[in-house]
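In: below: sequence and its predicted model.
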Amino acid sequence: GPIGPIGPIGPIKNPLIIMQPVIEGFRLSPQQRRLWQLQQEPSGSAAFNSQLVLLLEGEVRPEAHREALDKVCARHESLRTLFRRLPGVALPVQVVQDQTWISWTATDLDCENGPLVHAMLTTLAPDRYSLTITTPALCADRRTLSNFASELLGNAETDDEPLQYVQFSEWQNSLSEEEDAEKGREYWTRQDLSNASAVLPGQTVRKRALSEIAGERQAVKLNFTPEYAGRIEALATKHDTTSATVLLAAWQTLLWRLTQQTVAIGNVTEGRSYELLHGGFGLFARVLPVCCAFTDDLRFSEVISEIERFQRESEEWQDYFSFDDSAESPFKYFAFGFECVQIPPPWQADGLRISVDRQDSFVEPFDLKLTLVLKAEKTDGFEVALEYNSALFDEPYIKLIAEQFQTLLDSALANPESPIRELEIISAAQRQQIVSEWNQTNRDYDLEHCIHELFEQQAERTPDALAAVFQNEQLTFAELNRRANQLAAYL
């Protein structure tokens, strides 16, 4: 019927509901959530990338490589997944795009709007080229780069429908509701991570803030000959483990010797414990703590066995490890890390000889990480690199740590049953420097004056220079001389 007269309008009891924009997507995986939070720190976002560098020898057809790259990106959703969030929302969602966007010109990667893949083909010499592919670490870890190379250049079967990363991330998120979740969390709660952010003695202490986590990375390398690598493999075989575990044991032993603390090391693992995940593209990698309880009488062989046992246990419960991201937690990331990298052998495809020159993935801002590079050919030996944050360490200091690591490993290989406190960490060259060069302290002294007279002369020359420090108190030469005179007058 007709509407009657309308009276005065009072306060609106139900405010106007403003429709918020909606973003349809998938939840981040635990690995992505961790990395996203690190990226939000100042200067953090640009560093968390993954990069593959391939060397191509032979006749290169640029257009064919462009088509192959488009095909790989079309096959794997993680390479065309943007990360978008509503205003005021802390975490984004994964939004899979239908079309690929690959940049072949110099440009910054953009996780929210694209591009997500940057490619560059460079001529090094006639019939010799490098192909560099860069993508955010949110979209690809180190194993993904290996899979990328295999699919891109025809060294992998691609007939089957691939596992898509959003399937993996949804499965990871559902694990918190499973029966084993509480057991997994209890396992990690029992591990001691209190010294995960230890500081080395003698380190040039600089501001260690999350704003500097992505400082420029440098590396000091050690090359192990095939014969030396064979000695490491022989010790590993004797203890039914791998060369990587032996080096991890030596690395943790050195940190214990230097700090006199059991330091929890962040071990970068592939996070692909199921065969179904091996060929996947995305961020599967996890950083898991390695905690070995050290005592003075522990033998190096026992350290190897203990770390092997811990790695087996941690792999079983890896899906339930998470960082405490609360603001009160002092533990934000591992100061010291370890990673074992497998370099695939060269292969032939379409008249090209293809080899992996480099495959880097930055998923954890370690201050200092020991990386073992296992090459395909046994005749190449091992390559070990100490990768460090140059905002926190100087190169001479890292070279000293590398020399100490080499010395300790030599000693452990020669005497694996020795207590770890007895393993050498000072090389013959360092010992010579300490005993002889640094002990050349002979000086010509003024024998005509007493020590108190020499001190008074020094106080006259540099009255304002610092002479003594005790706890929070400091004295200049003038102040110390005045107090000494007062004491002498009293006596």
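Out: Arrived safely, thanks for sending. Numbering: from 1, shown residues only.
In: spatially nearest residue to residue 56 (excluding sequence neighbours)?
Out: Counting by C-beta to C-beta, 6 or more residues apart in numbering, residue 56 lies nearest to residue 129, which is 4.4 Å off, once chain neighbours are set aside. Glycine gets a C-beta too; all of them are placed from N, C-alpha and C.
In: need the three-state assignment for the one you found.
Out: Here residue 129 is strand, with the state taken from DSSP: H, G, I helix; E, B strand; the rest coil.
In: what is the neighbour count of it?
Out: Look at residue 129: counted by other C-beta atoms under 10 Å, it has 20 neighbours.
In: please begin residue numbering at 28 from this point
Out: Got it, the first residue is 28 from now on, which makes the last one we talked about residue 156.
In: wait, doesn't it sit right on residue 88?
Out: No. If you go by C-beta atoms under 8 Å, residue 156 and residue 88 don't touch, sitting 10.8 Å apart.
In: quick check, residue 346 in a helix?
Out: Yes. Membership of residue 346 in a helix is supported by three-state DSSP.
In: tell me how many other residues crowd it.
Out: Counted with other C-beta under 10 Å, residues neighbouring residue 346 total 19.
In: swap in residue 505?
Out: Residues near residue 505, counting by other C-beta under 10 Å, number 15.
In: which residues touch the nearest residue to residue 288 once chain neighbours are set aside?
Out: Counting by C-beta to C-beta, 6+ apart, residue 222 is the residue found nearest to residue 288 once chain neighbours are left out, at 4.7 Å. Going by C-beta atoms under 8 Å, 6 or more residues apart in numbering, residue 222 touches 286, 288, 289, 290, 291.
In: which helix or strand contains residue 222?
Out: Residue 222 belongs to no helix or strand when assigned by DSSP states H and E.
In: which one among the contacts of residue 222 gets closest to residue 341?
Out: Distance to residue 341, by C-beta to C-beta, is smallest for residue 291 among the contacts of residue 222, at 11.3 Å.
In: once you drop chain neighbours, what's closest to the closest one?
Out: Distances taken as C-beta to C-beta, 6+ apart put residue 223 closest to residue 291, at 4.2 Å, once the chain neighbours are dropped.
In: which residues touch that neighbour?
Out: Counting by C-beta under 8 Å, 6+ apart, residue 223 touches 290, 291, 293, 316, 358, 361, 362, 363.
In: among the helices and strands of this protein, which has the poorest mean pLDDT?
Out: None of the helices or strands of the chain scores lower by mean pLDDT, DSSP states H and E than helix 455-459, at a mean of 74.
In: what sits up against that one?
Out: Identification of contacts with helix 455-459 by C-beta under 8 Å, 6+ apart yields 427, 430, 431, 434.
In: which of the residues you listed are buried?
Out: Taking 16 or more other C-beta atoms under 10 Å as the criterion, what is buried in the contacts of helix 455-459 is 430, 431, 434.
In: where exactly do the strands run in the stretch 128-277 of the chain?
Out: For the stretch 128-277 of the chain, the strands defined by DSSP state E, counting those that start in this stretch occupy 129-130, 144-152, 155-163, 244-251.
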